[in-house]
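Enquirer: requesting a structural model of the entry that follows:
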Amino acid sequence: MLRSLIIFIGLLQIIVAICPDAQAQQRWGPLDEGDNFLIQDRKVDSQESDKTFGREDSIPDPLEPLNRCFYQFNDKLYFWVVRPFSKGYNTIAPELMRSSIQNFFSNLCMPIRAVSCLFQGKITGFGEELLRFVVNSSAGFLGFQDVAQQALNIKMRDEDLAQTLGFYGIGPGFYIHLPILGPFSGRSLFGWAGEQFLNPVDYFLDSWFAVLSVRSYDWINRASLRIGEYEALKRAALDPYVSVRNGYWQYRENKIKE
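Expert: Sure thing, here's the model as predicted:
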């Protein structure tokens, strides 16, 4: 308990130290560098960006000052830790290996997609997810190869509990940008919390340190396959925070409508 409190206080101190930079970015625009939600033209400022999406179509952001602070923390974390570590990881792990590892973790998270399909009444999707898991876990060597898609043309269903909540008419709430975890709506954060009970990793491993290590590795591996996307967004946007927020909102809304 004491250790967790010390870690939490240390994290807050780091975030507070970065906050002035976040405010400066709000006034003057982007930093020199910076996910793949949206790429805007550099001539469009933050107000015009909001106008492009339409205020009526924009997610409420009552915590914007705090969210910007957390966004700036995540931005520093990406450029100072995640990107250098991912680039080093890329030099020792070929892309085929990293893609196979991503397939393994995606296969392991089948319960999240299957339950989401079932709750939305997508019986075909539910059955396909179960079939994909059986095929990939056996013929696909524990899921390292996506044989179901390659041989049977059964694609993975991109479904989650947040989409299920949207399917039943639950509103998005307001925008939240969390340290390390990144952008959420209130609805997607609630869905993400529920998914933790469906993630098999929490049941296979009996210590929080092991769970954290495995999830961190999965996070770094996925990041290594997407290096350059966030950088492109920051180069193209006058206000990257607005682009990430609006891009995330549009992406999630489109997934619910599918």
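Enquirer: those strands in the stretch 51-200 of the chain, which residues are they?
Expert: For the stretch 51-200 of the chain, the strands defined by DSSP state E, counting those that start in this stretch occupy 175-178, 182-185.
Enquirer: mean neighbour count and mean pLDDT added to those, as a markdown table?
Expert: Bear in mind the C-beta positions are built from the backbone N, C-alpha and C, glycine included. Shown next, in a markdown table, are the strands of the stretch 51-200 of the chain (neighbours: other C-beta atoms under 10 Å; pLDDT from 0 to 100):
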| stretch | mean neighbour count | mean pLDDT |
| --- | --- | --- |
| strand 175-178 | 20 | 97 |
| strand 182-185 | 21 | 97 |
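Enquirer: do you know which of the ones you listed lies nearest N103?
Expert: Set against N103 and scored by C-beta to C-beta, the strands of the stretch 51-200 of the chain come closest in strand 182-185, at 22.5 Å.
Enquirer: which other helices and strands contact the closest one?
Expert: Judged by 3 or more C-beta pairs under 8 Å, 6 or more residues apart in numbering; DSSP states H and E, the packing partners of strand 182-185 are strand 175-178, helix 240-257.
Enquirer: how about those, which one is nearest S188?
Expert: That would be helix 240-257 among the helices and strands packed on strand 182-185, by C-beta to C-beta, at 6.2 Å.
Enquirer: list the buried residues of that closest one.
Expert: For helix 240-257, the neighbour count (16 or more other C-beta atoms under 10 Å) marks P240, Y241, V242, S243, V244, R245, N246, G247, Y248, W249, Q250, R252 as buried.
Enquirer: same deal with stretch 106-121?
Expert: When burial is assessed from 16+ other C-beta under 10 Å, stretch 106-121 yields the following buried residues: 106-120.
Enquirer: follow-up on the earlier one: turn the strands of the stretch 51-200 of the chain into a markdown table, including distance to E129.
Expert: Listed next are these as a markdown table, based on distance: least, C-beta to C-beta, whole Å:
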| stretch | distance to E129 |
| --- | --- |
| strand 175-178 | 28 |
| strand 182-185 | 24 |
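Enquirer: so for L130, which of these sits nearest?
Expert: Comparison of these against L130 by C-beta to C-beta identifies strand 182-185 as nearest, at 28.4 Å.
Enquirer: and the contacts of that closest one?
Expert: The contact list for strand 182-185 (C-beta atoms under 8 Å, 6 or more residues apart in numbering) reads 35, 59, 74, 162, 172-178, 192, 244-245, 248-249, 252.
Enquirer: so what strands line up beside that strand?
Expert: Applying DSSP bridges to the sheet, strand 182-185 is found paired with strand 175-178 (antiparallel).
Enquirer: can you list the weak-confidence ranges in the stretch 51-200 of the chain?
Expert: 51-57 (pLDDT under 70).
Enquirer: now with 50, please.
Expert: Within the stretch 51-200 of the chain, the stretches with pLDDT under 50 are 51-56.
Enquirer: so K234 sits right up against V242, yeah?
Expert: No - with contact defined as C-beta atoms under 8 Å, K234 does not count as touching V242 (11.8 Å).
Enquirer: what about Y217, which helix or strand?
Expert: Counting by DSSP states H and E, the element that carries Y217 is helix 208-224.
Enquirer: helices or strands up against that helix?
Expert: helix 83-92, helix 95-108, helix 201-204.
Enquirer: in that helix, what counts as buried?
Expert: Neighbour counts over helix 208-224 (16+ other C-beta under 10 Å) mark V211, V214, D218, I220, N221, A223, S224 as buried.
Enquirer: residue contacts, the first one?
Expert: Right, the one you point to is V211. Contacts for V211 (C-beta under 8 Å, 6+ apart) come out as V201, D202, L205.
Enquirer: likewise the fourth one?
Expert: With contacts defined as C-beta under 8 Å, 6+ apart, I220 is in contact with V82, F85, S86, Y89.
Enquirer: perfect, that will be all.
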